[in-house]
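[1] pasting the sequence and the predicted coordinates here, then a few questions.
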Amino acid sequence: MQNAECFDVTIIGGGPAGLYSAFYSGLRELKTKIIEFQPQLGGKVHVYPEKIVWDVGGLLPTPGEKLIENLVKQGLSFDPEVVLGEKVESIHKNEDGLFELTVSSGAIHLSKTVIVAVGSGILKPQKLQIEGAERFEVSNLHYTIQSLKEFKDKTVLISGGGNSAIDWANELTPIAKKVFVSYRKGELKGHEAQVSQLLESDATCLFHTEITKLCTQDGHHIETVELLDHKSGESYAVPVDEVLINHGFDQDASLLDHSQVGVERTNHYYIAGNENSESSVPGLYAAGDILAHDGKLNLIAGAFQDAANAVNKAKQYIEPDATAKGMVSSHNAVFKEKNKEIVESLVR
Ligand SMILES: Cc1cc2nc3c(=O)[nH]c(=O)nc-3n(C[C@H](O)[C@H](O)[C@H](O)COP(=O)(O)OP(=O)(O)OC[C@H]3O[C@@H](n4cnc5c(N)ncnc54)[C@H](O)[C@@H]3O)c2cc1C
């Protein structure tokens with residue numbers, strides 16, 4: 001089923017890079033669509049909604065959740081078409097030079113240009129491999145933290161020893177009653193400063209252990225977790241209020257493997273682009289974590305620059321006589337009406 005309408009720019013991925021691309025594409029008066037696999041926009045920032053983000057220019061320390069809200073509002077400023085819950089399976093360039101994006105429902109989306117903003121692909125948390133564990137996901141088994149308040153004065157067992165597990169242990173230790181970290185290896189695998197902070201804190205690290213059983217009496221909540229100590233071979237029980245699993249993510253990064261456009265890649269995944277966000281395929285650009293070049297900054301701040309560059313190149317691909325760069329917002333006619341409303345509300 002082909003979508004008859006052809007867009008100027010179709011952005012694959014609704015994370016920070018995709019959302020800023022959508023904003024900038026609207027600014028440059030391009031007909032824009034975003035296709036996102038998840039049921040919501042925001043990308044990887046949903047992994048850390050409660051983390052305080054310090055390093056986005058112009059923003060004072062802001063929780064991830066608030067950052068998502070701002071990114072989405074800005075990204076939707078020019079009313080792009082948004083398609084949620086659809087995975088783009090492949091990209092193909094047809095005989096007319098238009099891109100055909102096939103999505104999981106079988107629909108085909110047509111576009112003059114494409115901005116690939118898929119980050120590290122589609123992320124799904126690795127689930128705890130214990131039979132029946134999924135029934136506790138509605139009560140006290142978590143794969144991410146939506147609200148720190150939920151953990152206040154609770155006994156929390158975190159399973160995992162990577163950056164994410166360590167970060168959460170450090171965040172929770174001051175507010176929880178007690179934090180246990182169960183890790184099957186003998187040494188934590190995180191940034192040095194965070195590891196030291198955790199080891200010096202009141203949290204208890206249970207090395208060489210692994211969850212083998214979730215025990216419940218009411219059938220709804222985990223009351224104790226059985227841990228197997230691989231060194232002694234013995235099992236013991238830890239009473240818990242909340243259990244947080246941080247075993248990493250399964251990554252579905254198959255989009256470019258299944259695409260016939262033949263875009264040049266590096267390290268078996270990333271798009272080998274340039275500092276203007278161009279790929280080896282004319283009309284196909286990349287922004288955010290998926291883009292690789294020598295000056296690439298793998299931060300949200302870097303994703304914004306990639307996005308603006310990608311849109312400027314897309315604009316000139318479609319309209320070769322268009323100016324190379326968008327103007328600063330003060331000179332942009334598209335903001336005139338919006339500015340009027342803002343100024344009126346300020347003087348009201
Ligand atoms: C724990 C953690 C903490 C971080 N802290 C910071 C920080 O403090 N400051 C900072 O600047 N950066 C931080 N980062 C990095 C930052 O989150 C990323 O650089 C940023 O999210 C990259 O944005 P992106 O849009 O390129 O990719 P993503 O945010 O990964 O978004 C990509 C989107 O594309 C979608 N997608 C993927 N494949 C498809 C497909 N085939 N079809 C449809 N949709 C698809 C995904 O579902 C996802 O929503 C952190 C990252 C992590 C993991």
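    Ah, there it is.

[2] near the ligand, which residues of the stretch 1-150 of the chain are found?
    When proximity is defined as C-beta under 6 Å from any ligand atom, the stretch 1-150 of the chain approaches the ligand at 12-18, 35-38, 43-45, 47-48, 53, 55, 87-88, 117-122. Quick note: C-beta positions are derived from backbone N, CA and C, even for glycine.

[3] make a ChimeraX selection of the buried ones in these.
    What follows is the ChimeraX syntax for the buried subset of these, where burial is set by 16 or more other C-beta atoms under 10 Å:
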select :12,13,14,15,16,17,18,35,36,37,38,43,44,45,47,48,53,87,88,117,118,119,120,121,122
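
[4] which ones among the residues of the stretch 1-150 of the chain next to the ligand map onto strands?
    Counting by DSSP state E, those place I12, I35, E36, V53, V88, I122 in strands.

[5] and those, which two are furthest apart?
    V53 and V88 (27.3 Å; C-beta to C-beta).

[6] so where do the helices sit in the chain?
    16-27, 64-75, 163-172, 192-199, 300-318, 336-347 (DSSP state H).

[7] out of these, which gets the lowest mean score?
    With a mean of 82, helix 336-347 has the lowest mean pLDDT of the helices of the chain.

[8] please state the offset of that helix from the chain centre?
    The chain centre lies 33 Å from the centre of helix 336-347; the measure is C-alpha atoms, centre = their mean, to the nearest Å.

[9] so for that helix, what gets flagged as buried?
    Buried residues in helix 336-347, counted by 16+ other C-beta under 10 Å: none are found.

[10] so which elements touch it?
    Taking 3 or more C-beta pairs under 8 Å, 6 or more residues apart in numbering; DSSP states H and E as contact, there are no helices or strands that helix 336-347 lies on.

[11] mind listing what T173 touches?
    V179, L198, S201, D202, A203 (C-beta atoms under 8 Å, 6 or more residues apart in numbering).

[12] again with E100
    Q2, I91, H92, K93, N94, I108, H109, L110.

[13] repeat that for K340.
    If you count contacts by C-beta under 8 Å, 6+ apart, K340 has none.

[14] thinking again about what came up before, quick check: the two most widely separated of the contacts of T173?
    Every pair of the contacts of T173 checked by C-beta to C-beta; the farthest is L198 and D202, at 10.1 Å.

[15] which parts of the stretch 201-348 of the chain sit against the ligand?
    So the stretch 201-348 of the chain meets the ligand at L255, G288, D289, N298, L299, I300, A301, A303 (C-beta under 6 Å from any ligand atom).

[16] right, and the second one touches D306 too?
    So that's G288. Yes: taking C-beta atoms under 8 Å as the definition, G288 is a contact partner of D306 at 6.0 Å.

[17] looking at those two, which is more packed in?
    Comparing G288 with D306 by other C-beta atoms under 10 Å, the one with more neighbours is G288, at 32 against 29.

[18] who has more neighbours out of L198 and D202?
    More crowded of L198 and D202, by other C-beta under 10 Å: L198, with 21 against 9.
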